[in-house]
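Visitor: here are the coordinates; sequence isn't available:
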């Protein structure tokens, strides 16, 4: 299957072979939710910026069904750092006028990531950690892609 053309600057679709299925079959999608500062050329924001309400590009481009939220409007966030055991957090989504605020999600993900770093005593300064994008690893379960600067 050939990769689909990009519909928006913050949404990209890639072919993943046999694992790429649609949402109707309960398998992970190929949707990646990118976090990009408004006016920036590169994707990625620091955890500190996410908690400071930084303006994001395409802030309201997603709907609740894009995240495959459960009946209570929540998704699971699985955080893992190399060499440490993963932790799963439940992140509530709020939709206004049918749209989910990317800034609110970034802030909640940032809080969960900071908690994970502190709970595992990972020797990295959390405001130097970059949140690049979210990938859906199974239906309704998302994993943030993080890096340290």
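Guide: Sure, I can see it. Quick caveat: nothing in here was measured; it's all calculated off a predicted structure.

Visitor: Report the contact partners of the residue nearest in space to the middle of the chain.
Guide: Per Cα atoms, centre = their mean, the C-alpha nearest to the average position across the chain is that of residue 134, at 2.8 Å. Contact analysis of residue 134 by Cβ atoms under 8 Å, 6 or more residues apart in numbering lists 32-33, 35, 109, 142-145. Every C-beta, even on glycine, is put in place using the N, C-alpha and C of the backbone.

Visitor: same thing with residue 56?
Guide: 35-38, 45, 102-103, 106.

Visitor: tell me which of those is nearest to residue 124?
Guide: residue 45 (16.2 Å; Cβ to Cβ).

Visitor: From residue 85, how far out is the closest one?
Guide: To residue 85, residue 45 is 26 Å away according to Cβ to Cβ, to the nearest Å.

Visitor: same thing with residue 76?
Guide: 16 Å.

Visitor: These two: who's more crowded?
Guide: residue 76 (18 against 7; other Cβ atoms under 10 Å).

Visitor: and the more buried one, helix, strand or coil?
Guide: For residue 76, the assignment made with DSSP: H, G, I helix; E, B strand; the rest coil gives strand.

Visitor: Test of understanding: give the bridge partners of it.
Guide: In this entry, residue 76 is beta-bridged to residue 90, residue 141, by DSSP bridges.

Visitor: how about the strands in the protein?
Guide: Ranges of strands in the chain, per DSSP state E, are 11-12, 32-34, 45-46, 62-63, 74-79, 87-92, 95-96, 99-100, 129-138, 141-148.

Visitor: Counting neighbours, which bits of stretch 86-101 end up buried?
Guide: Neighbour-count burial for stretch 86-101 flags 87, 89, 91, 93, 95, 100-101 (criterion: 16 or more other Cβ atoms under 10 Å).

Visitor: what packs against the longest helix along the chain?
Guide: Longest helix of the chain, by residue count under DSSP state H: helix 102-119. The contact analysis (3 or more Cβ pairs under 8 Å, 6 or more residues apart in numbering; DSSP states H and E) places helix 102-119 against helix 47-51, strand 74-79, strand 87-92, strand 129-138, strand 141-148.
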